[in-house]
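*Asks:* sharing a model that was predicted from the sequence below.
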Amino acid sequence: MSEPIVFEASMSDGGDGMSYAVPDDLRAVRAFVTERAVALGMTEGRIDLLTLAVSELTTNTLQHTTGGGHIRIWAEDGRLVCDVVDRGAERPFGRAMPAAEAVRGRGLAIVERVCDAVYTAAIPGGTLVRICLDL
């Protein structure tokens with residue numbers, strides 16, 4: 001999906017964001033996502049979907065880019081919004097789910113299927129992926 005994205009290019013930590021750089025950070029990312037989603041009023045089942053989507057995106061960052069990334073989470077207009085920013089190339093969305101016997105390639109397809117909206121934009125020095133789930 002494509003829609004103009006307003007973003008902050010900064011990858012600094014803030015109250016609604018955190019950085020990650022190594023696989024050992026992924027547990028902290030999942031905990032952060034869960035804590036923020038609970039605080040923002042998301043239901044448990046929706047939190048599971050959000051956590052799955054963010055886990056797929058952040059794992060992609062660590063497998064396919066250098067320098068780690070940054071996530072931000074906030075609520076806006078009845079939706080929970082999460083930006084995942086990294087130094088990778090813009091990701092191709094809108095693809096079919098790989099065949100059952102495929103070893104890789106399901107991550108972005110899963111993200112698209114569990115989120116209510118997915119947007120991506122090239123930013124200076126990398127890519128921003130914005131996922132939205134209705135609260």
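*Replies:* Received, thanks. Residues are numbered from 1 along each chain as shown.

*Asks:* tell me which residues in stretch 72-90 are buried?
*Replies:* By 16 or more other C-beta atoms under 10 Å, the buried positions in stretch 72-90 come out as 72-73, 75, 79-86, 88. For glycine as for every other residue, the C-beta is placed from the backbone atoms N, C-alpha and C.

*Asks:* again but with stretch 57-69, I slipped
*Replies:* 57-58, 60-62, 68-69.

*Asks:* stretch 38-57 now?
*Replies:* 40, 42, 46-47, 49-57.

*Asks:* farthest from the middle of the chain: give me that residue.
*Replies:* Glu101 (25.4 Å; C-alpha atoms, centre = their mean).

*Asks:* so it, which state does it fall into?
*Replies:* coil (DSSP: H, G, I helix; E, B strand; the rest coil).

*Asks:* re the thing from before, between the buried residues of stretch 57-69, which is closest to Arg113?
*Replies:* Arg113 has its nearest neighbour among the buried residues of stretch 57-69 in Leu57, at 13.5 Å by C-beta to C-beta.
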